[in-house]
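Asker: quick one: sequence and predicted model below, then my questions.
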Amino acid sequence: KRNLLFKDGTRRIDFVLAWSIKGDNLEEAKEARRIFEENLVQEGLHIEKDERGEEIHFAKIHAPMEVLKRYADILKIRMPMKEGLSEEHIKERYADWEAPMASFGTRVWQKSIELFRRLMVPFHYDQTILPRLSRPYTCPYSVNREYLFDVPANGDGYFRQSTRSWIVDYILRRKPYAVIKDNNFAFGIRKMISDGYYTDSYPLHEGHWKAGSAENKRKILYEHWASWRNCLKFQPINHIRLYFGEKIAMYFAWLGFYTTMLVPATFVGLIVFFYGLSIMNNNEATKEVCSSKSIMCPLCDAQCPYWRLSEACTHVKVSRLFDNWGTLVFAIFMSLWGTLFLEFWKRKQATIQYKWDLTTFVQEEEPPRPEYLSKLENWRDMRVNPVTGIKEPYLPFWRKRFPIFLTSYSIMLLFAALAVVAVIGVIAYRVSFLAALQLFSRDVSSNHTVVTTTAGLIYENASLVTTVTAALINLLIIIVLNMVYGYLAFWLTDWECLRTQSEYDNSITIKLFILQFVNYFSSIIYIAFFKGRFVGRPGKYRTIFGGRQEECEAGGCLIELCIQLAIIMVGKQLIQNNIIEIVVPKLIKLIKRLLSKETEEQKLAKTAWEKDYLLQPAQTMSLFYEYLEMVLQYGFLTIFCAAFPLAPLFALLNNIMEIRLDATKFCTDLRRPLAEKSATIGVWYSVLYGISRIAIISNAFIIALTSDFIPRLVYQLRYSDDGTLSGYINFTNAYFNTSDFGQDKEPQDFSLGQVNICRYKDFRNPPWEDPNYRRSTAFWHILTARLAFVCVFENVVVVFTSLIAWLIPDVPTLLKEQIRREAYITNEIVLKTELKRAHGEEITRDFIKHITRNHEEDDDDGRYSPQLSDDGTEGAHRRRGQPGSDDHSAGSY
């Protein structure tokens, strides 16, 4: 069992400070630590040192009850009230209450919820180990009104450990370590760490996670949350919050909710996929391609031969797998799904804020970053901060900040252009490699059957081989550029010299998201919207750097878009999760274990603070990369969902792994993070909303331009004699007279004999019409239909999603009533008890219960039910014995 106490065996260690006894300026650092620790002792904190180490020494900090109560009062921390004030009597009164005029729809809805909860029982975690936590009745703590709170005589257990460490950190960040007159900014533990006076500060884990160690909260969370055997179980979100704090718990709550919302998207995507499988071999257009005798124009100048359209039979079949009516349905569904996901998350977030006492949480005024103060240590221009009243370095915006910002973002855009240059390089590879593969003769004269078969397969699948290898090369380039972009974003943001940590985090978020968005999506955008659009025609192809532009295959560019999207999305997740997040940490641990010269006795002799010091520090950016990874995945899901209906399935499988990987990292690999508070997911919600709006436009253009949905529809409605796709392939292929080839572009291979007329995919006049090779009437009809579809699709989906967002309130109505009710009861109790105290009367427990019963009688008309479930539905319809507040969030894997 871990020793988490001072030497006296009673005082608990709430925080640990570590410093090195080797290095420069040792006397200066020692003096700064002495002043700092004296100020901490004056504040009421207890300090005990451990100076046995040869390199690192430690200071253990304990916050006594009087300090915790004082700062709980200052910070207005909401604490549980006495049991008599917690509305237990009201809950009992309404446990079996049924709305007397419940409508048929309400009853059906309640039965559906009850059935859903029963179906989810197998996915619940072990509630005998991690019991459900009901929300206590809370109000802001006040020393003068301690009669409201059930504070134990010795104070143990009233403040949970995460709250204790948060209060200690609050004190550490505000105490000076030098004479203030000499240095106005010589205060706070973070500045001391930045100056090298301390190496780190951290709260302790509450035990070891490995099997055989004593039972503790960390081990319980590892075994019943982070372990892989729980990958299909709900998350114990409230227990995560109690151990790691609200900020980390909010991330896991959001990730669990997002993963749950992927289930219906996966189900619809699989339906669309199987629908495509059922029609890929049976539709009229595919049969025409496979039985066609048409001779197609060469795919490159001079070297490439003529080829038969029937050779593209397999490619066209696979294209029809994703290019069908299901594509339109799935694109519309995902647009609505994105809106519902964001709206329901806002409701879920509001419920979480209430349960975690964050409804009135206000971010405290942030002090300047230590790096900011270090850079401007000798800065002469000082201004008084209007909030704190402290003089701080002042950087004029137009003379100092604007040139830096302009240069910073110009460099960022320049490096973002590298991703575009990489795409151009991959395009050059695709063009040259495809031309090289086309040189394989279909009739290889060799005695080796294997060589003949291989060459024939390469020739027949030249386009597929080119697409796959180019996508793999692009994935490798993306991974390399991501490393470069990571260092670049931090370097530029450090150069901008931002004052607070929030400003720094927001700036780094914008830079990294833009850089990685361009990096991941530039090649996909090229295939979706530019490839094959401006190639020209046989005999007059448009060229870039002397070479012909890429053309879409006979089946269209949608299947190439699907392959590119699948390789980049799945490859990124595979490399990110399986290699970087699993293999690399295990290899590092193995190498450290092999290089370590410590014996088992020496390891066992280490104290808890020494063992935790050897873990990786829980940095402020720990959650940043997790959010960024999921937001980019959300972009893959929504922006190009029309091309890859299986994307939600791969995202779901990845997220089930991601939750356990992140949980394992926090439980085993990192020091215990500071239990920071956060009421939202921050700027990421705005990013998700922007992606959802971009996705509507993107999918409209993918369906209109990249797929053959609109040409097929126009043909059936305008040109087909019987309203079917019979003759569609002939309709989409134009004629070209081979005598119009230039001498340097005429094919040299005549394996198909003398060819006078060849076909190519385009809507142009035949050579016997005047003017020849001009855009045909059908082209303009289809172009008009495509633009009309984009306008209609965008406006209808935007209006419909906006209507849904307007109809769904951000905060459930019952939750609003509950919040108002809690504030009302608290105020009434305070007013009546303060009046009784003013008259010199004693405040007894019976008097408090009497006030509560009076409020019960006020509610006897049955208009209000206090029970509130996690999803915001009225819990009064539940039966007695079922907790009113589930610890898990529905569907939070």
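Answerer: Here it is on my side, so go on.
Asker: tell me what the helix ranked longest in the chain is packed against?
Answerer: The longest helix of the chain (DSSP state H) is helix 402-438. The contact analysis (3 or more C-beta pairs under 8 Å, 6 or more residues apart in numbering; DSSP states H and E) places helix 402-438 against helix 449-460, helix 462-496, helix 501-529, strand 547-548. The C-beta positions use only the backbone N, C-alpha and C, and glycine is treated the same way.
Asker: rerun that using 7 Å as the cut-off
Answerer: Under the contact criterion of 3 or more C-beta pairs under 7 Å, 6 or more residues apart in numbering; DSSP states H and E, helix 402-438 touches helix 462-496, helix 501-529.
Asker: could I get these as a markdown table with mean neighbour count and mean pLDDT?
Answerer: Formatted as a markdown table, the helices and strands packed on helix 402-438 follow (neighbours: other C-beta atoms under 10 Å; pLDDT from 0 to 100):
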| stretch | mean neighbour count | mean pLDDT |
| --- | --- | --- |
| helix 462-496 | 18 | 83 |
| helix 501-529 | 20 | 85 |
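Asker: mind putting these into JSON lines with distance to Met630?
Answerer: JSON lines is the format used below for the helices and strands packed on helix 402-438 (distance: least, C-beta to C-beta, whole Å):
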{"stretch": "helix 462-496", "distance to Met630": "16"}
{"stretch": "helix 501-529", "distance to Met630": "12"}
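Asker: element containing the residue lying closest to Asp708 once chain neighbours are set aside, please.
Answerer: Sequence neighbours aside, Gly556 is the residue nearest to Asp708 in space, at 5.3 Å (criterion: C-beta to C-beta, 6 or more residues apart in numbering). Using DSSP states H and E, Gly556 falls within no helix or strand.
Asker: contacts only, for Gly556.
Answerer: 319, 323, 707-708 (C-beta atoms under 7 Å, 6 or more residues apart in numbering).
Asker: out of the helices and strands packed on helix 402-438, the one nearest Trp109 is which?
Answerer: helix 501-529 (38.8 Å; C-beta to C-beta).
Asker: how far does whichever helix or strand comes after the closest one sit from the chain's center?
Answerer: With elements assigned by DSSP H and E, the helix or strand that comes after helix 501-529 is strand 536-537. Mean-position distance between strand 536-537 and its chain equals 43 Å (C-alpha atoms, centre = their mean, to the nearest Å).
Asker: contacting residues around strand 536-537?
Answerer: Contact with strand 536-537 is made by 542, 760, 762, 764, 773, as judged by C-beta under 7 Å, 6+ apart.
Asker: export these to CSV and tack on secondary structure, pLDDT and distance to Gly486?
Answerer: Listed next are the contacts of strand 536-537 as CSV, based on DSSP: H, G, I helix; E, B strand; the rest coil; pLDDT from 0 to 100; distance: C-beta to C-beta, whole Å:
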residue, secondary structure, pLDDT, distance to Gly486
Arg542, coil, 80, 38
Tyr760, strand, 90, 45
Asp762, coil, 89, 44
Arg764, strand, 91, 48
Tyr773, coil, 88, 50
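Asker: now the strands for the stretch 1-150 of the chain?
Answerer: 15-20, 46-50, 56-62, 78-80, 138-140 (DSSP state E, counting those that start in this stretch).
Asker: need the ones you listed in TSV (columns: mean neighbour count).
Answerer: Converted to TSV, the strands of the stretch 1-150 of the chain look like this (neighbours: other C-beta atoms under 10 Å):
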stretch	mean neighbour count
strand 15-20	22
strand 46-50	15
strand 56-62	21
strand 78-80	20
strand 138-140	19
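Asker: all the strands of the stretch 301-450 of the chain, in order from the start?
Answerer: Counting by DSSP E, counting those that start in this stretch, the stretch 301-450 of the chain has strands at residues 307-308, 382-384, 391-393.
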